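can't give you the sequence, but here's the structure:
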């Protein structure tokens, strides 16, 4: 085998390697938990999120979060409808999304924690009360 054949074989091996890496990266692209699906839309709606965060501060409406052995109990200041997202930093497959209205006179949101893995979770709570939007974000440990 002469040196010309070795150069051609090396180039073919390199081309196959690059092609395999491109195919692998496109296959993994949809499974990456660090990339949000609608990040352009979230960028456009940033002012609405900022105003909702400021409403929590202005109205002193920070929810009270209590983690018990079996439940996560969130108490809001006033009755309202909510969207609760519990995100697991290690795996987006474990994320939990709950919609509903507060329960009882104490305006509670109760989440069963038995199916949630132990460790760190990111809590994102959006709610609407008396025609005002609120947004609260916090890290919790279970």
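Looks like it came in fine. What you see is a predicted model, and the numbers here were worked out from it, not measured in a lab. Residues are numbered from 1 along each chain as shown.

scan this structure for its longest helix.
With DSSP state H applied, the helix covering the greatest number of residues in the chain is identified as helix 3-28.

tell me the helix or strand right after that one.
helix 39-44 (DSSP states H and E).

run the chain-centre distance for that next one.
Relative to its parent chain, helix 39-44 has a centroid offset of 14 Å by Cα atoms, centre = their mean, to the nearest Å.

kindly tell me how buried residue 84 is, as a neighbour count.
Other residues within reach of residue 84 by the criterion other Cβ atoms under 10 Å amount to 19. In short, each C-beta sits where N, CA and C put it, glycine included.

in which helix or strand does it reside?
With elements taken from DSSP H and E, the one containing residue 84 is strand 81-87.

who are the packing partners of that strand?
strand 96-101, strand 108-112, strand 120-129 (3 or more Cβ pairs under 8 Å, 6 or more residues apart in numbering; DSSP states H and E).

quick one: which of these is nearest residue 24?
The closest of those to residue 24 is strand 120-129. By Cβ to Cβ, the value is 28.6 Å.

how about residues contacting that closest one?
With Cβ atoms under 8 Å, 6 or more residues apart in numbering as the test, strand 120-129 has contacts from 52, 61, 63, 65, 74, 76-89, 102, 109, 133-142.

tell me which residues of it come out buried.
Judged by neighbour count (16 or more other Cβ atoms under 10 Å), strand 120-129 contains these buried residues: 121, 123, 125-127, 129.

also stretch 90-98?
Taking 16+ other Cβ under 10 Å as the criterion, stretch 90-98 shows residue 94 as buried.

starting at the chain centroid, how far to it?
How far stretch 90-98 lies from its chain's middle: 7 Å, per Cα atoms, centre = their mean.

now that stretch: average pLDDT?
Averaging the model's pLDDT scores along stretch 90-98 yields 82.

where in the chain is pLDDT low?
Counting by pLDDT under 70, the chain contains low-confidence ranges at 29-36.

hang on, the earlier thing: buried sites along the strand holding residue 84?
Neighbour counts using 16+ other Cβ under 10 Å place 82, 84-87 of strand 81-87 among the buried residues.

just give me the closest of those residues to residue 7.
In terms of Cβ to Cβ, no member of those lies closer to residue 7 than residue 87, at 50.6 Å.
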